[in-house]
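Undergrad: What would the 3D arrangement of this be:
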Amino acid sequence: MLDAMRLFPSDPAARSVAAKLYETIRDLPILSPHGHTDPAWFAKDEAFPNPAALFIQPDHYIFRMLYSQGICLESLGIPQADGGQKADPREVWRIFAKHYYLFRGTPTRLWLDYSFSTLFGLTERLNAENADQYYDAITKALESPEFRPRALYERFRIEVLATTDSPLDNLEYHKAIQESGWKGRVLPTFRPDAVIDAEYLGFVKNIEKLGEITGENIGTYKGYLNALRKRREFFKSMGATATDHGHLTAMTADLDGAAAESLYQRVLSGRSEPEEQQMFQAQMLTEMAGMSVEDGLTMQLHPGSIRNHNKLVYEKFGRDKGADIPSPTEYVRNLRPLLNKYGNDPRLTFILFTLDESTFSRELAPLAGHYPSLKLGPPWWFHDSPEGMMRFRETATETAGFYNTVGFNDDTRAFLSIPSRHDVARRVDCAFLGRLVAEHRLDEDEAFEVIQDLTVNLVKKAYKL
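TA: Residues are numbered from 1 along each chain as shown. Predicted coordinates for the structure are as follows:
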C-alpha cells in the first residue's frame, strides 16, 4: 500500500531533491510536544485491549466520518457520558472495515495504511472480506511485549511526548512514570481551561478545588492568580515545558486591578453574562502570558473551534466526540492588548494555531514576522493533511520565513498514528523544499539545513526540550 515516493512532487527535478532530503531525516527521533495521549498507558504499560479500542474508539477522526454516514456511535462502542459502552469489539471492527472506503483521499487513510503496513505487515487494503483477518493479526500482535506502550514508544523513536492535563490533575501517572526507572520522557502540559473558561462544566466548583489544592484564598483575584502560579510551578516541577489554551476567540485584554477584581467576582458568583465571561477569558490570556514570562513555560493558543456543536452527541457522549467545528477567527485586533504588554519580551514564546487558514497570509504570518515572542504552530486538526501542510508553507513562509515556525506536532489521542503523522509532515516539508530548489529559489545545501531544523531543531527550541 505504501509507495516510497508518496507525497513527493510529480516534477522529476523537485522529486529527486525531495527524496534526497527525506533520506536525511526519515529516521530522526520524533518530538511530540502537543498531544492528548493518556499517561496511564505508559505508567501501567499494559497491553492495549483490542483493535477497536486501539484504532477506532479514541480517534474522533475515524468515528466522526462514520457518524457522518449514519453509523451510530453506540454501534462503535464510543464511551458514553454515563459510563456505558456496549459493543462487541470485533463487530465494531467489521463496521469500520466495511466502510473503510469512506476514508479515501483523507489524511486518516494515509495514517491508517501506514500503521497497518509498518506495524502489522498488513498490505492488502482493508475491506469487509478481510476484516477478521486484520482483527486477528492485530489482536495477536497486541498480546506480545513488543506492542506494549513503552515498547512502541521506543520503536517509534520518540524522544519526548507531551500530554495535555487539567490544572486540577495530581499527575499521578506522570509521577509513576518518573519513578519507574523507564527512560521515556512523557511530560505534562498545563491546560487551565477548566478554571479559566466560565462556560466550562463545573467552573465554580473547579475554582473551589483549585483553592483547596493550593491553599490559596480563591475568593480574591490575587489569591486566584497565586493559585494558578502554584499549579504552574507544580507542573513545571513534573517536567512541563508548556501551557495550552483552547479558547473560542483570540481576544485578549489588559484590565486594571480594580476592574479585573470586579470581573472575577462576577464570574465566580456563577451569574455572569456571556460578554463578561468572554472578557474574563481575554484577561486571563494576558495574565497567562505574564506568568510565562515569569516561569518560562511556552504558551500555546489554539482558538476558533465551536465546541460540542452537536447537542445530542454532547449530552449522550460528552466532550471531544468529533462535533467541534471551526469558525472564523480574528487575531490582529484581538491579540493587541497582550502583545502590547508582552509581545516584545524575548522571554515569552507564544505559539499561535488556527483553524481559519485565511489568517495565515493576512494576519498570523505578518504578526509572527514582527513580534519576537510569536511563533506559528503547524497546521492543526482539520488541516493536519498534506494539502493543509502545503498551503501553510506556501502562505506563511513568504512573510514569516521558516524560523518563525515550530516544526510539527501531531495533536493526537491515537497513539499508533504518531509516527505516520510525523512521516506525512516530513514528506510534505521535503516536497516543498524540493520545489524551491528546483525553481532555484533556495540552494540545495540550504534545503538540507532547513529540513533538519523543521524536523527537530525548531521544536526543541520553541518547547525548550
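Undergrad: Which stretches in this protein count as strands?
TA: Taking DSSP state E as the criterion, the chain contains strands spanning 30-32, 158-162, 186-187, 242-245, 298-301, 305-306, 325-326, 350-352, 374-376.
Undergrad: quick one, which of the ones you listed is nearest to residue 415?
TA: strand 158-162 (9.1 Å; C-beta to C-beta). Placement of C-beta: from N, CA and C, glycine included.
Undergrad: Could you find the closest non-adjacent residue to residue 287?
TA: Nearest-residue entry for residue 287: residue 225, 6.4 Å, with adjacent residues in sequence omitted and distances by C-beta to C-beta, 6 or more residues apart in numbering.
Undergrad: got it, and residue 1?
TA: Nearest one to residue 1, counting by C-beta to C-beta, 6+ apart, is residue 113 at 4.6 Å.
Undergrad: From residue 306, how far out is the residue nearest to residue 287?
TA: 29 Å (C-beta to C-beta, to the nearest Å).
Undergrad: more neighbours, those two?
TA: residue 225 (18 against 12; other C-beta atoms under 10 Å).
Undergrad: Now do the same for residue 85: its pLDDT.
TA: As predicted, residue 85 sits at a pLDDT of 76.
Undergrad: OK, contacts around it?
TA: Neighbour list for residue 85: 77-79 [criterion: C-beta atoms under 8 Å, 6 or more residues apart in numbering].
Undergrad: got it, and residue 224?
TA: Counted by C-beta under 8 Å, 6+ apart, residue 224 has contacts 207, 210-211, 216, 218, 264.
Undergrad: Can you check what pLDDT the model gives the residue nearest to the spatial centre of the chain?
TA: Here the mean C-alpha position of the chain is nearest to the C-alpha of residue 411 (C-alpha atoms, centre = their mean), at a distance of 2.3 Å. Model confidence at residue 411, expressed as pLDDT, equals 92.
Undergrad: Residue 377 against residue 300, yeah?
TA: Yes. With contact defined as C-beta atoms under 8 Å, residue 377 counts as touching residue 300 (6.8 Å).
Undergrad: which one of the two has more residues nearby?
TA: Of the pair residue 377 and residue 300, residue 300 is the one with more neighbours under other C-beta under 10 Å, namely 27 against 23.
Undergrad: In the sheet, which residues pair with the more buried one? Tell me.
TA: residue 244, residue 351 (DSSP bridges).
Undergrad: Distance of it relative to residue 204?
TA: From residue 300 to residue 204 the distance is 26 Å (C-beta to C-beta).
Undergrad: what do you get for residue 170?
TA: Distance from residue 170 to residue 204, by C-beta to C-beta: 21 Å.
Undergrad: okay, these two: which has more neighbours?
TA: A count of neighbours by other C-beta under 10 Å puts residue 204 above the other of residue 170 and residue 204, at 15 against 12.
Undergrad: what's the closest non-adjacent residue to that one?
TA: In space, residue 204 is closest to residue 270, 5.0 Å off (C-beta to C-beta, 6+ apart).
Undergrad: quick one: pLDDT of that neighbour?
TA: With respect to pLDDT, residue 270 has a value of 91.
Undergrad: try residue 320
TA: 85.
Undergrad: dump the residue contacts of the closest residue in space to it that isn't next to it in sequence.
TA: Nearest non-adjacent residue to residue 320, counting by C-beta to C-beta, 6+ apart: residue 60, 6.4 Å away. Residue 60 is in contact with 320-322, 413, counting by C-beta under 8 Å, 6+ apart.
Undergrad: Kindly reformat these as JSON lines containing distance to residue 127 and neighbour count.
TA: Listed next are the contacts of residue 60 as JSON lines, based on distance: C-beta to C-beta, whole Å; neighbours: other C-beta atoms under 10 Å:
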{"residue": "320", "distance to residue 127": "29", "neighbour count": "14"}
{"residue": "321", "distance to residue 127": "26", "neighbour count": "21"}
{"residue": "322", "distance to residue 127": "23", "neighbour count": "21"}
{"residue": "413", "distance to residue 127": "26", "neighbour count": "17"}
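Undergrad: now the stretch 301-450 of the chain, which segments are flagged as low pLDDT?
TA: The stretch 301-450 of the chain contains no residues with pLDDT under 70.
Undergrad: quick one: contacts for residue 403?
TA: Here residue 403 is in contact with 453, 458 (C-beta under 8 Å, 6+ apart).
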